[in-house]
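Chemist: Quick one: sequence plus predicted model below, questions after.
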Amino acid sequence: MIELQGLHKSYFTGNNELHVLKGLDLKIEHGELVSIMGSSGSGKSTLLNILGILDSYDKGSYKLNNTLISNLSEKKAAHYRNNMLGFVFQSFNLITFKNAMENVALPLYYQGISRKKRNKIALEYLDRMGLKEWAEHMPNELSGGQKQRVAIARAMISKPKVILADEPTGALDSATSIEVMDLFREINKTGITMIIVTHEKDISEKTDRIIYLKDGIIESEHIRKEMSYV
Ligand code: ADP
Ligand code: MG
């Protein structure tokens with residue numbers, strides 16, 4: 001599903017080069033529930049942004065579903081993002097002047113689906129997240145956990161193959177964090193590959209495989225539960 005070989009990424013600011021990813025090798029199979037752990041500044045978001053085709057890399061290769069992701073036109077990149085990938089962020093990234101249902105429906109707007117139809121589908125996804133009663137509420141009327149569930153519904157609505165989550169519980173209290181992780185586990189059971197970046201041990205322990213990023217490479221990994229292909 002995802003295959004990285006010898007991946008390098010540097011940032012250039014002025015005359016300074018910051019070499020963040022230093023030849024990273026990684027394989028993630030379809031249907032895995034994986035976390036990527038590492039201290040702050042270790043390059044977790046950089047890696048996730050490359051996986052999400054939100055940023056480019058300098059050297060090596062990234063294959064998504066056997067397609068080499070490199071020098072894509074913005075149109076092609078958007079095609080993969082819209083059809084393959086769902087995103088969840090620490091800060092939820094909801095649109096403040098749209099209600100929960102409209103936020104969830106947004107990806108379908110970009111697919112040209114009528115307002116009536118996309119709102120109906122958005123309601124179904126909100127219902128799955130236990131938020132049907134909150135459909136008409138604005139983001140500032142929702143708790144952190146509710147906002148993240150809205151964001152997860154929005155990520156799910158375009159039926160992605162992979163969900164990429166960058167510190168999805170970073171702004172939540174521990175009880176709510178566990179609820180969100182349980183939700184991710186449920187979503188993973190429907191066959192969606194989940195890649196969760198976190199620096200919290202408790203969160204990574206809710207995933208089946210923990211990948212440790214350090215000094216720009218994968219230092220080690222820990223398989224908690226073998227994938228079962230039944
Ligand atoms: P993490 O998510 O693990 O905290 P990041 O991937 O965000 O780490 O950042 C890795 C390093 O790259 C940090 O030192 C950060 O300051 C730097 N960095 C991240 N994004 C940029 C950027 N757009 N320009 C320059 N430096 C960046
Ligand atoms: Mg980060």
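Modeler: That came through, no problem. Ligands and ions are numbered 1, 2, ... in the order given.
Chemist: could you list every residue that touches the spatially most central residue of the chain?
Modeler: Central residue of the chain (CA atoms, centre = their mean): L164, 1.5 Å from the mean position. By CB atoms under 8 Å, 6 or more residues apart in numbering, L164 lies in contact with 48, 51-52, 85-88, 195, 197. (Glycine included, C-beta is placed from N, CA and C.)
Chemist: same thing with E179?
Modeler: G145.
Chemist: how about stretch 204-212, does it get close to ligand 1?
Modeler: No - using CB under 6 Å from any ligand atom, stretch 204-212 stays clear of ligand 1, coming no nearer than 11.7 Å.
Chemist: That stretch: which residues count as buried?
Modeler: Neighbour-count burial for stretch 204-212 flags 204, 206-212 (criterion: 16 or more other CB atoms under 10 Å).
Chemist: Sitting in helices, which of these do you find?
Modeler: Counted as lying in helices by DSSP state H, out of the buried residues of stretch 204-212, are S204.
Chemist: Between all of the buried residues of stretch 204-212, which two are at the greatest distance?
Modeler: Pairwise distances across these peak at 15.9 Å for K206 and Y212 (criterion: CB to CB).
Chemist: List the contacts of the nearest residue to K44 once chain neighbours are set aside.
Modeler: Take K44 and drop its neighbours on the chain: the residue closest to it by CB to CB, 6 or more residues apart in numbering is V197, 4.4 Å away. Contacts for V197 (CB under 8 Å, 6+ apart) come out as 35-36, 44-45, 47-48, 164-167.
Chemist: And W134, by the same measure?
Modeler: Counting by CB under 8 Å, 6+ apart, W134 makes contact with 100, 126, 141-142, 146, 150.
Chemist: of all the residues you listed, which comes closest to ligand 2?
Modeler: Ligand 2 lies nearest to V150 out of those, by CB to the ion, at 21.5 Å.
Chemist: quick one: I218 and D25 touch, right?
Modeler: Yes - I218 is within contact range of D25, at 6.8 Å (criterion: CB atoms under 8 Å).
Chemist: So which of these two has more stuff around it?
Modeler: It is I218, of I218 and D25, that has more neighbours when counted by other CB atoms under 10 Å, with 18 against 12.
Chemist: Who is the more buried one paired with across the strands?
Modeler: Beta bridges link I218 to L213 when assigned by DSSP bridges.
Chemist: thinking again about what came up before, can I assume the residue nearest to K44 sits in a strand?
Modeler: Yes - assigned with DSSP: H, G, I helix; E, B strand; the rest coil, V197 falls within a strand.
Chemist: What's the separation between G41 and D173?
Modeler: Distance of G41 to D173, given as CB to CB, to the nearest Å: 24 Å.
Chemist: now do T13
Modeler: To D173, T13 is 35 Å away according to CB to CB.
Chemist: which non-adjacent residue is nearest M138?
Modeler: N99 is the one closest to M138 (CB to CB, 6+ apart), at 5.6 Å.
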